[in-house]
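>>> Take this sequence and fold it.
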Amino acid sequence: MGCGKGPTSWWPLRASMSQSYSLERGATTLVAPWKVTGRAAVGSELGYVVASPVGDSVLAWQGDRLVASQLAGTRFVPPLPVLVEGEARWHGTVATAGRVEEGSAVVKGEQSEERHPVLGVRTLQVVSTLRLRGHVCVVESVFADRVGLVSQSQRTDDVLDYRLTYLGSP
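Got it, this is the predicted structure:
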């Protein structure tokens, strides 16, 4: 990890934590507040429920990996790794919009040599590639030390679905 920091410093989830993001979807941009609203099981770990305008997510630290049993209302069994250093592979079921299907993913995370230009802290770049129903969904995320998620974009079959940019914490 470097500097004696544990992996949870990449997204230090805690009760009542809140963050704001700019959410771009097509021609629409809005301010999207995210707030930890409770606790819930994520596999064998006790995690956090994060409420947002795009749906609830349920996240927990499993050792040095952040995993999700739910992201924006989509459920994953077993929990999907969303933040790793190095590489993780996943295979399981994905439940969304009343459908349950098999999926697979490769998640790769690497610390950047550069510090975040505004926050001045080290960053971790994570690229997740999920394959489902013949489609490829690529999520590119940047996590800042002691802050959490600072940017994210998602593309399905090379078409941009959304882009998030961190605005701050109250």
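
>>> CA atoms for contacts and neighbours, from now on please.
Noted.

>>> which helices and strands sit right next to the longest strand seen in the chain?
Secondary structure of the chain per DSSP state E: the longest strand is strand 99-115. Counting contacts by 3 or more Cα pairs under 8 Å, 6 or more residues apart in numbering; DSSP states H and E, strand 99-115 is packed against strand 74-83, strand 86-96, strand 122-132.

>>> For those, give me CSV that also has mean neighbour count and mean pLDDT.
Converted to CSV, these look like this (neighbours: other Cα atoms under 10 Å; pLDDT from 0 to 100):
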stretch, mean neighbour count, mean pLDDT
strand 74-83, 23, 96
strand 86-96, 16, 96
strand 122-132, 20, 96
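
>>> Adding distance to R65 as columns, could you present the ones you listed in CSV?
CSV is the format used below for the helices and strands packed on strand 99-115 (distance: least, Cα to Cα, whole Å):
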stretch, distance to R65
strand 74-83, 6
strand 86-96, 9
strand 122-132, 12
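
>>> For the longest strand of the chain, which outside residues touch it?
Residues outside strand 99-115 that contact it (Cα atoms under 8 Å, 6 or more residues apart in numbering): 81-95, 121-133.

>>> now do stretch 151-162
Counting by Cα under 8 Å, 6+ apart, 23-26, 135-143, 163-166 sit against stretch 151-162.

>>> quick one: which of those residues sit in strands?
Of the contacts of stretch 151-162, the ones assigned to strands by DSSP E are 23-25, 135-143, 163-166.

>>> Can you list the buried residues in stretch 156-170?
For stretch 156-170, a neighbour-count test (16 or more other Cα atoms under 10 Å) marks 156, 160-166 as buried.

>>> Looking at those residues, which one is closest to P7?
Of all those, Y166 has the smallest distance to P7: 20.0 Å, by Cα to Cα.
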